[in-house]
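>>> Next one to model:
(one chain, ligands or ions: 3)
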Amino acid sequence: MTTEFPNLHVLDHPLIQHKLSHMRDKGTSTRTFRTLLREIALLMGYEVTRNLPLENRRIETPMQAMDAPVLQGKKVAIVPILRAGNGMADGLMELMPGARVGHIGLVRDPETHKPSEYLVKLPEAASRTFILVDPMLATGHSAVHAVDVLNRHGVPDENILFLALVTVPEGMRTFNAKHPNVQVYVASLDERLDDHAYILPGLGDAGDRLFGTK
Ligand SMILES: O=P(O)(O)OC[C@H]1O[C@H](OP(=O)(O)OP(=O)(O)O)[C@H](O)[C@@H]1O
Ligand SMILES: O=c1cc[nH]c(=O)[nH]1
Ligand SMILES: [Mg+2]
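Ligands and ions are numbered 1, 2, ... in the order given. Next up is the predicted model:
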C-alpha cells in the first residue's frame, strides 16, 4: 500500500522481483517471457487470493470426521484482458482450477491511446469475486473500461480485484478517479509514461513480447 494510492499493493517478494527483472530485459526470448509471466502470476496469485472466502466441508480424515475449510471454488472468476492478460491467467488457472473464466478483448489505439472493445464473454456475476488480469496498467483507460464492463454485468467494485505487473502514477490516478475501491496488485510502480503512453522503464509491449508479434 502507498500513501497516494491506498488501494495499490506492490508485491515485493524477492522471487516476484527477480522474475520481473528478467521479463524487463529486452534480451529475454518470447518463450522465456511466456514462462516467466505464468510463474509470476502464480506467485502474485498467492497474495491476491489471500482474502477469498472459505467454506467448511465435512470430510473424513483417516482418523476422524472434521469440518475442513475449502475455497468456495465456483465463487471466483478470472478475467484476462486480451491479449496480454492471457499469459497471466494461465498461472492463476493453475492455482484455482475450479474458477470460472471470462474474457474481455481490448486493443489500444496507437494515436489516441484509448481502448476499443472487440469481445466480452463473462460468467454469471452471482456473488463472485472477479480477478481482472492484465500485465500493463499504463494510462489506465483499459483497466477503467474493463471494470466498467464488469459493473454493467452486475459486479460491484468491491467484488473486483485487478492484477497487473507494472503500473505508473498517471495510470493509477486515472483508475482511482473512477474505481478507488478496486484493489490493485502489481509487482512494480514504475516511473512514468513516455510520449506514446508506454511505461518507463517498463517492459515494452507485453502482448507483442508474449506472442512474438511485431
Ligand atoms: O493502460 P492503457 O494505456 O490502456 O494500456 C494498457 C493496455 O495496453 C496493452 O494492450 P494492447 O492494447 O497493446 O493489446 P494487446 O494485449 O493485444 O497487445 C496492455 O496489455 C493493456 O491492455
Ligand atoms: O508499456 C506499455 C503500455 C501499454 N501496453 C504495453 O504493453 N506496454
Ligand atoms: Mg499490446
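
>>> Tell me the residues of the chain that contact ligand 3?
Residues of the chain found near ligand 3 (CB under 5 Å from the ion) are Asp205, Gly207. Where C-beta positions appear, they are placed from N, C-alpha and C, glycine not excepted.

>>> Show me where the chain has its helices.
Along the chain, the stretches classed as helices by DSSP state H are 14-24, 30-48, 85-95, 141-152, 169-178, 206-211.

>>> Mind telling me which residue of this protein is nearest ligand 1?
Gly207 (2.2 Å; CB to the nearest ligand atom).

>>> Spell out which residues of this structure are next to ligand 1.
81-84, 106-108, 113, 115, 134-143, 171, 197, 205-207 (CB under 6 Å from any ligand atom).

>>> Please convert the buried members of those residues into ChimeraX selection syntax.
Selecting only the buried entries of the residues of the chain next to ligand 1 in ChimeraX, with 16 or more other CB atoms under 10 Å as the criterion:
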select :81,82,83,84,106,108,115,134,135,136,137,138,139,140,141,142,143,171,197,206,207
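
>>> out of the residues of the chain next to ligand 1, which touch ligand 2?
Within these, those near ligand 2 by CB under 6 Å from any ligand atom are Ala84, Met136, Ala138, Asp205, Ala206, Gly207.

>>> biggest separation within the residues you listed, which pair?
Greatest spatial distance in those: Ala138 and Gly207, 12.1 Å, computed using CB to CB.

>>> Now Leu8. Nearest residue, chain neighbours left out?
Ranked by CB to CB, 6 or more residues apart in numbering and with sequence neighbours excluded, the top spatial neighbour of Leu8 is Val184, at 5.0 Å.

>>> Can you get me a residue count around that neighbour?
27 (other CB atoms under 10 Å).

>>> Next, the contact list for it, please.
Phe5, Asn7, Leu8, His9, Leu137, Leu161, Phe162, Ala164, Thr167, Met172, Phe175 (CB atoms under 8 Å, 6 or more residues apart in numbering).

>>> What's the per-residue pLDDT of the third one here?
According to the prediction, Leu8 has pLDDT 98.

>>> I figured Phe5 hits Thr174, correct?
No: using CB atoms under 8 Å, Phe5 is not in contact with Thr174; the gap is 11.6 Å.

>>> what sits opposite Leu132 in the beta ladder?
Val79, Phe162 (DSSP bridges).

>>> That one and Arg58, how far apart?
Separation of Leu132 from Arg58 (CB to CB, to the nearest Å) stands at 34 Å.

>>> which non-adjacent residue is nearest Ala41?
Gly91 (3.0 Å).

>>> Now that that neighbour has come up, it's in contact with Arg34, right?
No: when contacts are counted by CB under 8 Å, Gly91 is not listed as touching Arg34 (10.7 Å).

>>> Show me which residues of the chain are close to ligand 2?
Counting by CB under 6 Å from any ligand atom, the chain sits next to ligand 2 at Ala84, Met136, Ala138, Tyr198, Ile199, Gly202, Asp205, Ala206, Gly207.

>>> Please tabulate these in CSV, including the columns pLDDT.
Output for these, formatted as CSV (pLDDT from 0 to 100):
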residue, pLDDT
Ala84, 97
Met136, 98
Ala138, 98
Tyr198, 98
Ile199, 98
Gly202, 98
Asp205, 97
Ala206, 98
Gly207, 97
